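Engineer: Here is my input, please return the structure:
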Amino acid sequence: MFALVRGVTYATVFIGLVLVFVPARILSASGIVAPAMTGTLQVAGMIVTASGAALAVWCVLAFAIVGKGTPAPFDPPRQLVIRGPYGRVRNPMYIGAGLALAGVGFYFESVQVFGYTAAFFVITHLFVVLYEEPTLKRMFGDEYDEYRKSVRRWWPK
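Structural biologist: Model (predicted):
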């Protein structure tokens with residue numbers, strides 16, 4: 001139960017900062033306001049945002065319940081999480097967050113938010129390759145090597 005509370009706390013801070021506060025600042029600085037009418041792009045944005053957010057929440061729950069930890073680098077899971085969305089792709093939480101950001105871009109029709117989304121994916125990729133994967137290798141050894149061989153980093157097989 002405590003792992004779930006820690007996971008939800010971390011997710012709230014991450015979501016609040018990366019997925020709400022920064023995009024809101026980008027939109028504000030760009031002078032973009034909510035659309036007056038809900039059109040096709042807004043509906044698509046809502047669907048993509050909701051899908052991405054649901055995937056990210058599923059991942060946080062998997063980390064807490066299966067891994068007994070959180071997505072935070074300072075409180076990682078105690079067990080390698082390879083079930084749920086992690087059985088299809090190694091980084092579904094980042095994919096979910098990126099989809100949520102892209103959905104905001106569609107909803108507000110904002111090139112600036114799409115630019116932020118692209119930067120998010122580049123920074124995330126570098127973080128995964130340079131920090132996360134070596135750390136997981138050290139923590140979980142051969143189990144992680146087998147997982148890497150069977151599940152791709154960003155795209156399901």
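Engineer: Only C-alpha atoms from now on, for both contacts and neighbour counts.
Structural biologist: OK.
Engineer: Does the residue nearest the centre of the chain lie in a helix or a strand, and which?
Structural biologist: Centroid-nearest residue in the chain: Y94, 2.7 Å away (criterion: CA atoms, centre = their mean). In this structure, Y94 sits in helix 92-108 according to DSSP states H and E.
Engineer: ok so, going back, quick one: contacts for the residue nearest to the centre of the chain?
Structural biologist: Y94 makes contacts with 56, 121, 124, as judged by CA atoms under 8 Å, 6 or more residues apart in numbering.
Engineer: ok, the first one touching M93?
Structural biologist: Yes: in this structure A56 lies within contact range of M93 using CA atoms under 8 Å: 4.6 Å.
Engineer: so the biggest helix by length in the chain versus helix 92-108, what angle?
Structural biologist: Identified as the longest helix of the chain according to DSSP state H is helix 40-65. For helix 40-65 against helix 92-108, the angle by axes from the mean of the first three to the mean of the last three CA atoms, to 10 degrees is 160 degrees.
Engineer: Please spell out which residues along helix 40-65 are buried.
Structural biologist: Within helix 40-65, the residues scored as buried using 16 or more other CA atoms under 10 Å are 41-42, 45-65.
Engineer: Could you do stretch 130-143 as well?
Structural biologist: Buried residues in stretch 130-143, counted by 16+ other CA under 10 Å: 133, 136, 139.
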